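**Q** Pasting a predicted model and its sequence here:
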Amino acid sequence: YANSLTPANNNVLAWNGTAWAPLSLATIGGVTSVTATGLPIVIGGSASAPTVGINQSNTTTPGYLSSTDWNTFNAKQPAGNYLTALTGDVTASGPGSAAATVASVGGSTSVNINAATLLANAATNANTANTIVKRDALGNFTSGTITSAIVYDDTLQLPASTKTTVQTVLDWLKQGPLNLSVSASSSVTATTSYALLTSMTLTPTVAGDYQVLFTGDMSGSGVEDFVSIYVNGVQITSSIRSVVGPTSSRGAAISTSEVVTWSTGAIEIRWKGSSTSGRCDGRNLQITKVQ
């Protein structure tokens, strides 16, 4: 049922419990104003026709996220425990791209490495003071006076104060390798087990290979005498030699020779006899460095 009232502008039909009747919007409680409680919501329009909106966010204003910005954020690196700095031999700090600095290499500072590089690059075969020597294509270099201490073995030592000429070195080299010897003529009596032959011991000072030569005169009628080379207390079994003393007054010659490797201890001749009647008279031990 509708009553006969004529509606006015901005009226609506509303059921009043009995019939449909025209009513104004204000009468039925329509929206008359809209207020935002805070950003990013913004209100516009009029009280009767309000508008509600949200601005796009920027560096100073909160608002909605554009699809472009969303894609940018979505492509960012996920959260994690990432490297932010370099320490130690190479240093650098982030974020983003950063230049690295070489602080040291193997404990040497970059300053010292640079200085060493400059010295190495400046090496020359010319006679130039305070530079590293570099050989030329033939392996040669030019030099002025060379002052040095040369020590080869116990037979020669040139003091540091000596200015060594080429001729001095050549004269020294002509002396040959290390050569040590010892002789004795006193008569000694054998034992029945190996023991040091009196005076027959030498101790080099330069490690290497040595030619060992022993010669001696044995006597004692019918007694077999044995000699052998020992190095640092160890017998060189291949050096064992023996001779039987003659019945005449003349002695029997004996000799042994081996190349041995020496690094420590003494090089010596030990001997024994088949009885204590064995006797050694003249004897000589010589060692020569061969390598």
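**A** Thanks, I have the structure now. Numbers count the residues shown, from 1 in each chain.

**Q** and N112, helix, strand or coil?
**A** Under DSSP: H, G, I helix; E, B strand; the rest coil, N112 falls in the helix class.

**Q** Distance of it relative to S104?
**A** 9 Å (C-beta to C-beta, to the nearest Å). From N, CA and C alone the C-beta is placed, and that goes for glycine too.

**Q** S257 contacts Y210, doesn't it?
**A** No - with contact defined as C-beta atoms under 8 Å, S257 does not reach Y210; the gap is 11.0 Å.

**Q** Isn't T276 up against S193?
**A** No - with contact defined as C-beta under 8 Å, T276 does not reach S193; the gap is 10.9 Å.

**Q** hmm, back to that, give the residue from N112 and S104 that has the larger number of neighbours.
**A** S104 (15 against 12; other C-beta atoms under 10 Å).

**Q** Count the neighbours of the residue nearest to that one when sequence neighbours are not counted for me.
**A** Closest residue to S104 apart from its sequence neighbours, by C-beta to C-beta, 6 or more residues apart in numbering: D89 at 5.1 Å. Number of residues near D89 (other C-beta under 10 Å) recorded here: 14.

**Q** Please apply the same query to the one 10 residues further on.
**A** Each residue near A99 was counted by other C-beta under 10 Å, and the total is 7.

**Q** Likewise for S199?
**A** Quick note: S199 (other C-beta under 10 Å) scores 17 neighbours.

**Q** To which secondary structure element type does it belong?
**A** S199 ends up strand, using three-state DSSP.

**Q** that older thread, T276 and S193: which is more packed in?
**A** In this view T276 and S193 are compared by other C-beta under 10 Å, and T276 has more residues nearby, 13 against 8.

**Q** now the stretch 1-150 of the chain, which segments are flagged as low pLDDT?
**A** 1-4, 25-32, 147-150 (pLDDT under 70).

**Q** And the strands in it?
**A** Applying DSSP state E, counting those that start in this stretch to the stretch 1-150 of the chain gives strands spanning 11-15, 20-24, 41-45, 50-54, 85-86, 90-93, 101-102, 104-105, 108-109.

**Q** Redo the ones you listed as a markdown table? Include distance to A79.
**A** As requested, these are exported to a markdown table (distance: least, C-beta to C-beta, whole Å):
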| stretch | distance to A79 |
| --- | --- |
| strand 11-15 | 55 |
| strand 20-24 | 58 |
| strand 41-45 | 30 |
| strand 50-54 | 28 |
| strand 85-86 | 18 |
| strand 90-93 | 20 |
| strand 101-102 | 29 |
| strand 104-105 | 34 |
| strand 108-109 | 38 |
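
**Q** what's the closest of these to Q235?
**A** strand 108-109 (51.5 Å; C-beta to C-beta).

**Q** What are the contacting residues of that closest one?
**A** For strand 108-109, contacts defined as C-beta atoms under 8 Å, 6 or more residues apart in numbering pick out 103, 116.

**Q** State the helix or strand in which the nearest residue in space to S193 that is not next to it in sequence lies.
**A** Excluding the flanking residues, the one nearest S193 by C-beta to C-beta, 6+ apart is K272, at 5.6 Å. In the assignment (DSSP states H and E), K272 maps to strand 267-273.

**Q** for the helix or strand just after that strand, what is the average pLDDT?
**A** From strand 267-273 onward toward the C-terminus, using DSSP H and E, the following helix or strand is strand 279-289. Taken as a whole, strand 279-289 carries a mean pLDDT of 92.

**Q** got it, and stretch 201-221?
**A** 91.

**Q** same deal with stretch 243-253?
**A** 78.

**Q** Count the residues that sit near V290.
**A** Count around V290 with other C-beta under 10 Å applied: 11.

**Q** Surely it and L213 touch.
**A** No - if you go by C-beta under 8 Å, V290 and L213 don't touch, sitting 11.7 Å apart.

**Q** Correct me if wrong: L178 contacts I267.
**A** No - if you go by C-beta under 8 Å, L178 and I267 don't touch, sitting 12.0 Å apart.

**Q** ok, the two, which is more surrounded?
**A** Per other C-beta under 10 Å, whichever of L178 and I267 has more neighbours is I267, with 23 against 19.

**Q** Show the backbone phi and psi for A252.
**A** Main-chain torsions, A252, degrees, to the nearest 10: phi -100, psi 130.
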